[in-house]
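*Asks:* model the structure of this input:
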Amino acid sequence: MLKHMIRALAAGALAWALPAVAQPAAPSTWNPTLDRKCTAKDAVACFTLGETLSAGRGVAKDPVKALAAFSRACNLAVAEACYIAASRTASGGDQSAAFALFKKGCEAGLGDSCLSAAIRTESGQGVPADVRLAMAYYERACTLREGDSCHYLAQIWASGEKGENRVDVRKSMQFAQMGCTAARADSCVLAGWLAQGNRGYPKNEAIADRYAQLGCNMNHHGGCMNLGYLAGERRDWLTAKKWYGRACAINRDPTACKAERDIDGYLADKAQSDAQWAEWNRKQATGRAEVDRFLSAGNYAGAINHASYVMGSPEQVSRVLTAAQSAGRLAEIDDIYFVSFETWQLTPAANALVRTEKRSRDLAARQSARISPSYGGSSSSWSWTPSSSSSSSSSSSYTPTPRISESEIYRNARENTRSSYCNAGWGCR
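*Replies:* So this is what the prediction gives:
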């Protein structure tokens with residue numbers, strides 16, 4: 001059986017002896033019509049009823065009725081409701097029923113539920129252990145931008161860890177790239193590492209540089225280290241110093257800190273330093289002219305690639321994003337950039353644009369993947385087919401609202417469930 005655990009998380013609580021401070025009461029969400037609307041199969045009403053009864057907002061807390069409301073919302077294809085109901089059912093000890101609810105949530109398009117279904121299927125919690133079916137759930141979760149699943153699959157295919165599957169570096173790269181798009185920084189670093197020619201993957205310095213930069217932009221010191229190494233190979237010492245310095249600042253990596261000091265010593269000669277700075281300024285001026293050329297030609301994908309990957313310039317990135325939005329051409333810019341730019345210090349308008357666009361694309365990706373798994377038994381092939389219209393978990397009329405997606409109750413359920421897996425030795429990556 002695959003050992004998932006990289007490290008166990010210690011569970012504990014710390015009590016602080018502070019004076020009690022009166023907290024304002026949560027606003028009431030109780031409405032006498034909620035129960036009636038939920039009975040009439042109003043999905044959002046059922047979810048709101050579950051939240052209201054869980055938190056006691058304007059009505060007495062009732063965990064049993066709350067669970068029933070979440071279960072009804074789950075049957076109406078509210079994916080987050082399935083997850084909440086599943087986690088509470090698991091806490092109550094009924095692992096088989098919990099798995100069924102996680103499975104429904106996965107079919108309704110929630111990557112977290114697919115990950116839970118995968119972990120439970122692989123470890124045999126509430127369902128017979130089935131490694132191949134678990135792999136299908138991991139792939140489904142990855143398709144829904146659940147980054148842990150993508151990274152796990154990338155690691156498996158890079159190492160052949162299961163003993164049942166061969167090393168397949170192209171699959172590893174595919175899942176590493178998907179994990180990077182899902183904001184998993186170490187997946188970006190893995191993709192960059194593979195592109196350096198490791199594990200037999202064809203060497204491609206441009207791809208290696210790009211994914212290393214994405215990882216570094218997400219504050220992963222390994223990505224910054226790789227950028228420093230690649231810049232050093234090009235003898236671009238100021239750029240190498242910048243990236244090694246950032247790796248050093250992130251976690252005081254001794255190798256990165258020493259590399260930064262060594263380059264400082266090399267550049268101590270004023271003539272050498274002046275020449276490097278002159279070359280740096282020349283490259284920035286050339287870069288701005290190249291961005292101008294891309295924008296004039298209406299090539300927004302090329303402009304954003306040059307502004308971010310070649311120049312690393314927040315100013316130019318902000319400029320390109322604003323221009324693309326004004327021209328109605330944001331769709332031409334790849335998803336991966338919006339993941340990376342969340343950590344960039346762009347202009348306020350560009351930062352707001354990045355957040356809005358990423359949220360919109362994540363929702364669109366999830367909606368497009370509202371399909372259920374088709375398991376072929378003894379067949380070696382796997383496929384995902386649209387849910388049957390007769391299924392209670394496949395209501396096509398329901399569109400999740402941001403309020404549901406950002407529910408505090410859902411977030412707490414997610415955190416608690418993942419901690420329980422981690423403490424049991426599963427799912428910590």
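*Asks:* so what does the host helix or strand of residue 96 touch, helix or strand wise?
*Replies:* Element membership for residue 96 (DSSP states H and E) is helix 95-107. Counting contacts by 3 or more CB pairs under 8 Å, 6 or more residues apart in numbering; DSSP states H and E, helix 95-107 is packed against helix 63-75, helix 79-91, helix 111-123, helix 131-143, strand 371-375. Quick note: C-beta positions are derived from backbone N, CA and C, even for glycine.
*Asks:* report the buried residues of the third one.
*Replies:* Just to be clear, that refers to helix 111-123. Using 16 or more other CB atoms under 10 Å as the test for burial, helix 111-123 gives 111-123.
*Asks:* quick one: end-to-end distance for stretch 188-208.
*Replies:* Taking CA to CA, to the nearest Å, stretch 188-208 runs 9 Å from one end to the other.
*Asks:* buried stuff in that stretch?
*Replies:* So, applying 16+ other CB under 10 Å, buried residues of stretch 188-208: 188-196, 199, 201, 207-208.
*Asks:* let's have the residues you listed in TSV, adding distance to residue 323.
*Replies:* Below are these laid out as TSV (distance: CB to CB, whole Å):
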residue	distance to residue 323
188	26
189	31
190	33
191	28
192	28
193	34
194	33
195	30
196	33
199	39
201	35
207	26
208	29
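*Asks:* now the helices and strands packed on helix 95-107 as TSV including mean pLDDT and distance to residue 152?
*Replies:* Listed next are these as TSV, based on pLDDT from 0 to 100; distance: least, CB to CB, whole Å:
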stretch	mean pLDDT	distance to residue 152
helix 63-75	93	26
helix 79-91	93	19
helix 111-123	93	9
helix 131-143	92	6
strand 371-375	40	17
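*Asks:* just tell me which of the ones you listed ends up closest to residue 283.
*Replies:* For these, proximity to residue 283 was assessed by CB to CB; helix 131-143 is nearest, at 37.1 Å.
*Asks:* go through the closest one and flag the buried ones.
*Replies:* Under 16+ other CB under 10 Å, the buried positions of helix 131-143 are 132-143.
*Asks:* nearest to residue 184 among these?
*Replies:* Nearest to residue 184 out of the buried residues of helix 131-143 is residue 142 (CB to CB; 9.9 Å).
*Asks:* in space, what's closest to the closest one - neighbours in sequence excluded?
*Replies:* Leaving aside its sequence neighbours, residue 142 sits nearest to residue 150 (CB to CB, 6 or more residues apart in numbering; 4.0 Å).
*Asks:* so who does the one you found touch?
*Replies:* Contact analysis of residue 150 by CB atoms under 8 Å, 6 or more residues apart in numbering lists 141-142, 175-176, 178-179, 182, 184, 187.
*Asks:* if any of those are buried, put those into a PyMOL selection.
*Replies:* Buried subset of the contacts of residue 150, written as a PyMOL selection, criterion 16+ other CB under 10 Å:
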select buried, resi 141+142+175+176+178+179+182+184+187
